[in-house]
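# sequence isn't available, so here's the structure alone:
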């Protein structure tokens, strides 16, 4: 069976991505990151998702991006803003997807997995430069040139099955593939019990997605959330 | 003063690279990695080099690439071979420079440093795909597309001042810039006291470089080394 690395963040996009990779017949190696993010409950969620969706292995890689911060997600002195539109948001973590994809490539090279799945999306998160199609294409070529691929004449396939889907379409796809979204968490600023804030960008887009998909939102929110 | 990130491995190439960056007038932020390498004495060496050459800051970033191994440098079950020619050597660490450069970009983005120095070299280490010019060029473009640079209309400058120099030329350059090579270590397989083996690829190329440069080799070797 062909192997693939699947980046898993514990959110609904990457869970759907793992389900898609499995549906395409890949043996999946799920890779999550403990990177000093304030929403650490996503690591527990990732592991549960990997198990539910039959990943062959789950690995949580530790690296501390909070040592230099630069994002509301990795610097406790920068507050997570409520939902807003326009520009690159302060929840952007410098070079995060490039770092994560590079580590996926490293593990993939060791495993002999030349396929990587990442749940980036241009529709609802176009504010993040490292979620755009152009970046992913360029990354695949850089990875080819910087690994054994260039001498051995193969290439890295970076799969982005959610790239052009709306949040509602992602949810419908995941439901059809058996994803249990109650295991996932998307909130940037959950409370100590892992309950979602209902106010940040990520909560906003997630909730709106469930409504648009006509699916009950299974997210556990803090009390008195108003959308 | 313009800031630059300088990747520092404790070896002679990266020490020369730091000296060059300083000579070009950059305020230098030295970045080393504790990545599970067998030659951990290079971390101590990096810190000494950063201090000697006046880096504004020295940072050792921790990430464990030995958890998946795949290289003689990160897997204690794979022996470091004696010097040999041809092909990609088993001391190649999967995707290492891509991971390290991505982390340099992340720190640079936070610091406002858009210049990165890396001591890659095509002459003596052409076996490593992630030391080649093509990879570095492609990486710079990927980094531009995946960070704020793409929206803010600037670019990452990845400086590779040693790219086309022979080891002897690197040593001569470093000597002219005041590098103290006795602080550096290049060996892949040092003993517990940090003494170099005198047998691996890296020792071979380093020693040959000092001879060609007409400079006494200041390396501390284990007893009874024969070149």
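Received it, and whenever you're ready, just let me know what you need. Since the model is a prediction, treat every value here as computed from it, not as a measurement.
# so which helix or strand takes in residue A:60?
strand A:57-62 (DSSP states H and E).
# need the contact partners of that strand.
Here strand A:57-62 makes contact (CB atoms under 8 Å, 6 or more residues apart in numbering or on different chains) with A:8, A:29-35, A:43, A:46-47, A:50-51, A:103, A:107, B:63-64, B:67. Using the backbone N, CA and C atoms, a C-beta is placed for each residue, glycine as well.
# is any part of the longest strand that chain A contains close to chain B?
Scanning chain A for the longest strand, with DSSP state E as the assignment, gives strand A:27-34. No: using CB under 8 Å from any CB of the partner chain, strand A:27-34 stays clear of chain B, coming no nearer than 9.9 Å.
# and the most far-flung residue of chain A relative to its centre, what pLDDT?
Taking CA atoms, centre = their mean, the residue of chain A most remote from its mean C-alpha position is residue A:151, at 30.6 Å. Residue A:151 is assigned 93 on the pLDDT scale.
# which ones are touching it?
Contacts of residue A:151 (CB under 8 Å, 6+ apart): B:87, B:88, B:129.
# what sits closest to residue A:225 if chain neighbours are left out?
In this structure, residue A:225 finds its nearest non-sequential neighbour in residue A:198, 3.3 Å apart by CB to CB, 6 or more residues apart in numbering or on different chains.
# against chain B, how distant is residue A:157?
Separation of residue A:157 from chain B (CB to the nearest CB, to the nearest Å) stands at 15 Å.
# please report the distance of the closest residue to that residue other than its chain neighbours from residue A:1.
Distance criterion CB to CB, 6+ apart; nearest residue to residue A:157, sequence neighbours excluded, is residue A:115 at 4.7 Å. From residue A:115 over to residue A:1 the distance is 12 Å, taken as CB to CB, to the nearest Å.
# what residues are shared contacts of these two?
Counting by CB under 8 Å, 6+ apart, the common neighbours of residue A:115 and residue A:1 are residue A:26.
# which helix or strand contains the residue farthest from the centre of chain A?
Counting by DSSP H and E, residue A:151 is found in helix A:149-152.
# now swap in residue A:92 and tell me
With secondary structure defined by DSSP H and E, residue A:92 is part of neither a helix nor a strand.
# that one: how many residues sit nearby?
A count of nearby residues for residue A:92, using other CB atoms under 10 Å in any protein chain shown, gives 22.
# mind listing the helices for chain A?
A:12-23, A:41-52, A:96-111, A:133-146, A:149-152, A:167-176, A:201-213 (DSSP state H).
# and of these, who's closest to residue B:139?
helix A:133-146 (5.1 Å; CB to CB).
# and the closest one, which residues are buried?
A:135, A:136, A:138, A:139, A:140, A:141, A:142, A:143, A:144, A:145, A:146 (16 or more other CB atoms under 10 Å in any protein chain shown).
# ok, and which of those residues reach chain B?
Among the buried residues of helix A:133-146, the ones lying close to chain B by the criterion of CB under 8 Å from any CB are A:135, A:138, A:139, A:141, A:142, A:143, A:145, A:146.
# my read: the fourth one touches residue B:139, true?
No: proximity of residue A:141 to residue B:139 does not meet the contact threshold set by CB atoms under 8 Å, at 9.9 Å.
# now do residue A:113 against residue A:106, distance only.
11 Å.
# what about the two, which has more around it?
residue A:106 (25 against 22).
# go ahead and confirm the more buried one touches residue B:65.
Yes: the pair residue A:106 / residue B:65 is scored as a contact, 6.6 Å apart, by CB under 8 Å.
# find residues that contact each of the two.
Residues touching both residue A:106 and residue B:65 (CB under 8 Å, 6+ apart) are B:93, B:94, B:96, B:99.
# considering the residues you listed, which possesses the most neighbours?
Taking other CB under 10 Å as the neighbour criterion, residue B:99 ranks highest of the shared contacts of residue A:106 and residue B:65 with 27 neighbours.
# where in chain A is pLDDT low?
A:85, A:124-126 (pLDDT under 70).
# so which of the contacts of residue A:151 are also by chain A?
B:87, B:88, B:129.
# rebuild those residues as CSV, extending it with distance to residue A:18 and neighbour count.
Listed next are those as CSV, based on distance: CB to CB, whole Å; neighbours: other CB atoms under 10 Å in any protein chain shown:
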residue, distance to residue A:18, neighbour count
B:87, 35, 10
B:88, 31, 15
B:129, 29, 22
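# in strands, which of those residues appear?
Going by DSSP E, the strands hold none of the ones next to chain A among the contacts of residue A:151.
# give me the buried positions along stretch A:161-171.
Quick answer for stretch A:161-171 (16+ other CB under 10 Å): A:161, A:162, A:163, A:165, A:166, A:167, A:168, A:169, A:170, A:171.
# swap that for stretch A:219-227, sorry
Using 16+ other CB under 10 Å as the test for burial, stretch A:219-227 gives A:219, A:221.
# can you check stretch A:74-86 too?
By neighbour count on 16+ other CB under 10 Å, the buried set for stretch A:74-86 is A:74, A:75, A:80, A:83.
# so how far is that stretch off the chain centroid?
How far stretch A:74-86 lies from its chain's middle: 18 Å, per CA atoms, centre = their mean, to the nearest Å.
# same question, stretch A:106-121
13 Å.
# tell me which residues in it are buried?
For stretch A:106-121, the neighbour count (16+ other CB under 10 Å) marks A:106-111, A:113-121 as buried.
# for residue A:30, give me its contacts.
Going by CB under 8 Å, 6+ apart, the list of residues near residue A:30 reads A:6, A:8, A:18, A:46, A:49, A:50, A:55, A:57, A:58, A:59.
# what comes up buried for stretch A:203-219?
For stretch A:203-219, by 16+ other CB under 10 Å, it's A:203, A:204, A:205, A:206, A:207, A:208, A:209, A:210, A:213, A:217, A:219.
# what lies in contact with it?
A:11-12, A:83, A:124-125, A:166-172, A:175, A:181-182, A:185-188, A:196-198, A:221, A:227.
# between helix A:96-111 and the longest strand of chain A, find me the angle.
Angle, strand A:27-34 to helix A:96-111, by axes from the mean of the first three to the mean of the last three CA atoms, to 10 degrees: 140 degrees.
# which neighbours does strand A:27-34 have in its sheet, and in what orientation?
strand A:3-7 (parallel), strand A:57-62 (parallel) (DSSP bridges).
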